[in-house]
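In: Got a sequence here, can you model it:
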Amino acid sequence: TQDAPADAPAAVTLDSARLAADAARREVWAGCIPAVFSLAADEVTTLKPPPSYHLNLPRQSFLPLVTGPVVEHFLPFAPPMAQADSMWLQHRGVPLRWQVPIGVLYDLLVEADGAGASCSALPWQLVVRFQGGPVGQSGSHGLLRSTDNDAKALVRCALKESTYLRC
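Out: The predicted model follows:
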């Protein structure tokens, strides 16, 4: 029989480290945050509040790109003048900015709550609103509300910027 080369354990260790890094990269890319959406109690216009809407949110995405079904679910229960593009979200009274990736929003808000990354913070409780805006933040509606096209434009601009910086 042939003896294994002296550097074989190092090669095996390097390959296993590379495989572990690839697996971690796949997990991060495919990561989702379970979320429960509820219509704000002061915006329910029916006798019975609508059921909550459950959705897995991809960490790498933006809210306007994944919340279309949420708008369709809650719009019939919302105030009469509410429109699909007027929806905005909040978590424990904190309005969510759509320009920040979902995973970053979750990490920042859960950390601010002191819950850390524990499983007790899941599912992420989000409140759906169609009217008003945060008190004391006039002019911030553009920061809270957007359409799919706004989010797609943001992603395109970020891609252009990263391509320019890479050159």
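
In: From now on I want contacts and neighbour counts done on CA atoms only, so please keep to that.
Out: OK.

In: what about the nearest residue to residue 59 once chain neighbours are set aside, distance to residue 90?
Out: Among residues not flanking residue 59 along the chain, residue 103 sits closest, at 4.0 Å (C-alpha to C-alpha, 6 or more residues apart in numbering). Using C-alpha to C-alpha, to the nearest Å, residue 103 is found at 15 Å from residue 90.

In: what about residue 89, distance to residue 43?
Out: Plainly put, residue 89 is 13 Å away from residue 43 if you go by C-alpha to C-alpha.

In: of these two, who's got more company?
Out: More neighbours surround residue 89 than the other of residue 89 and residue 43, with 23 against 17 (other C-alpha atoms under 10 Å).

In: Direction included, what does the lengthiest strand in the chain pair up with?
Out: Using DSSP state E, we find that the single longest strand of the chain is strand 32-39. Sheet pairing here is set by DSSP bridges, and for strand 32-39 it gives strand 53-58 (antiparallel), strand 124-129 (parallel).

In: Worst mean pLDDT across the helices and strands of the chain, which element?
Out: Taking mean pLDDT, DSSP states H and E as the measure, the chain has helix 141-144 as its least confident helix or strand, at a mean of 54.

In: That one: what's the following helix or strand?
Out: Once the chain leaves helix 141-144, the next helix or strand it forms, by DSSP states H and E, is helix 148-166.

In: Give the residues shared as contacts by residue 89 and residue 43.
Out: residue 129 (C-alpha atoms under 8 Å, 6 or more residues apart in numbering).

In: Geometric centre of this protein: which residue is closest?
Out: residue 102 (2.1 Å; C-alpha atoms, centre = their mean).

In: hang on, isn't it packed against residue 61?
Out: Yes: counting by C-alpha atoms under 8 Å, residue 61 is a contact partner of residue 102 at 5.9 Å.

In: Over stretch 21-31, what's the mean pLDDT, rounded is fine.
Out: Here stretch 21-31 scores 81 as its mean pLDDT.

In: is the closest residue in space to residue 55 that isn't next to it in sequence in a bridge, and if so with what?
Out: In this structure, residue 55 finds its nearest non-sequential neighbour in residue 35, 5.4 Å apart by C-alpha to C-alpha, 6+ apart. With DSSP bridges applied, residue 35 shows beta-bridge pairing to residue 55, residue 124.

In: That concludes my questions; thank you for your assistance.
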